[in-house]
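Asks: coords please:
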Amino acid sequence: MFQCSDPKTLDGFHWLACYLTTGKHMAFYGSFGTVMLLLAVTAPAALAFGFGGAMAARSPVLPLRWFGKAYTSIVRGVPDIAFFLFFVIALDQGFEWLRHQVKCPDWDMPIRQGNDFVVCAAAKLPLSNSPQWVHEAYGFSLAVLTFAIVFGAFAANVLFGAMRAVPNEQIETAEAYGLSRSQTFWRILVPQMWIYALPGLSNLWMILIKATPLLFLLGVEDIVYWARELGTSKASMYDYPHPDWRLYYFLGLLVFYLGLTKVSEIALARLTTRLSRGQATVAGEEQRRAA
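Replies: Here you go, the predicted structure:
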């Protein structure tokens, strides 16, 4: 579309158009999709971790109940940044250690050599000869798993409280009709708990959106990485020299995140209205009076 063979001969809009369509800028635009993909994958994964943690915390089996409560308490008590910086490394080394035990059983050297973690070449994740997209996909998967575990602990606490908020009369009525414990849980408790869990889950969703810049700390080339990389001042040795433009790039990120949170608020408000129908809540009572 634009003739950009020699940027030094360009000026004005032509220069800007060529600058904004470089390969790095295309990667920057693609990184917005990375953030959206992270949200799309992490939200249900964190909800699954949270639901499992809440069920474990309510379990009549004592060790399982201890595990559920320990999971929510420990993970919620560790600062997110410290957890991300430590846990990703530990998770990566844990996977490589398991592969090392399977693929290199005759290894006679210590894995821990001072500050180095050394495994055989076949146990490396990913393999050194793997294409670049495999390395990127592996790093992204570790990031998703870490986000899911962290936010799953908060979701578990929200869901645990929501389960306890369901009126006990509903449970007693189900038992009086002869429903088993499992039937009562899945047919009575779970469908009704969402309206009580939604305010807390809505806050978690907003926090998750704001936490996506932590991808930069996990080695994923996200929008924050590219905004800093592209906005930093470039000397004449670069094809497109410019002063420090980080302010403009980060203002673009500000608009993106504000727009995303606004759309989320609208969607969550509509979901709250839908889930309130027929419920013994303030919103449910208002809907009945309006009808």
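
Asks: mind listing the strands for the chain?
Replies: Taking DSSP state E as the test, the strands found in the chain are 112-113, 116-117.

Asks: Parallel or antiparallel, which strands does the first one pair with?
Replies: Strand pairing for strand 112-113, using DSSP bridges, gives strand 116-117 (antiparallel).

Asks: I'd like to check what contacts the partner strand. Which residues are they?
Replies: 93, 96, 111 (Cβ atoms under 8 Å, 6 or more residues apart in numbering). Placement of C-beta: from N, CA and C, glycine included.

Asks: again with stretch 88-107
Replies: For stretch 88-107, the surrounding residues in contact (Cβ under 8 Å, 6+ apart) are 111, 117, 119-120, 122-125, 142-143, 145-146, 218.

Asks: 6 Å instead, please
Replies: 117, 119, 120, 122, 123, 125, 142, 146, 218 (Cβ atoms under 6 Å, 6 or more residues apart in numbering).

Asks: circling back: and among the strands of the chain, the most buried is which?
Replies: strand 116-117 (a mean of 11; mean count of other Cβ atoms under 10 Å).

Asks: next one: that strand to chain centre, how far?
Replies: 28 Å (Cα atoms, centre = their mean, to the nearest Å).

Asks: about what we covered before: show me just the buried residues among the contacts of strand 116-117.
Replies: 93, 96, 111 (16 or more other Cβ atoms under 10 Å).

Asks: Quick one: neighbours of the closest residue to residue 218 other than its chain neighbours, just the number.
Replies: Excluding the flanking residues, the one nearest residue 218 by Cβ to Cβ, 6 or more residues apart in numbering is residue 143, at 4.6 Å. Residue 143: 24 surrounding residues under other Cβ atoms under 10 Å.

Asks: Point out where this protein drops to low pLDDT.
Replies: 1-3, 5-10, 278-288, 290-291 (pLDDT under 70).

Asks: that older thread, quick one: which of the contacts of stretch 88-107 sit in helices?
Replies: Of the contacts of stretch 88-107, the ones assigned to helices by DSSP state H are 142, 146.
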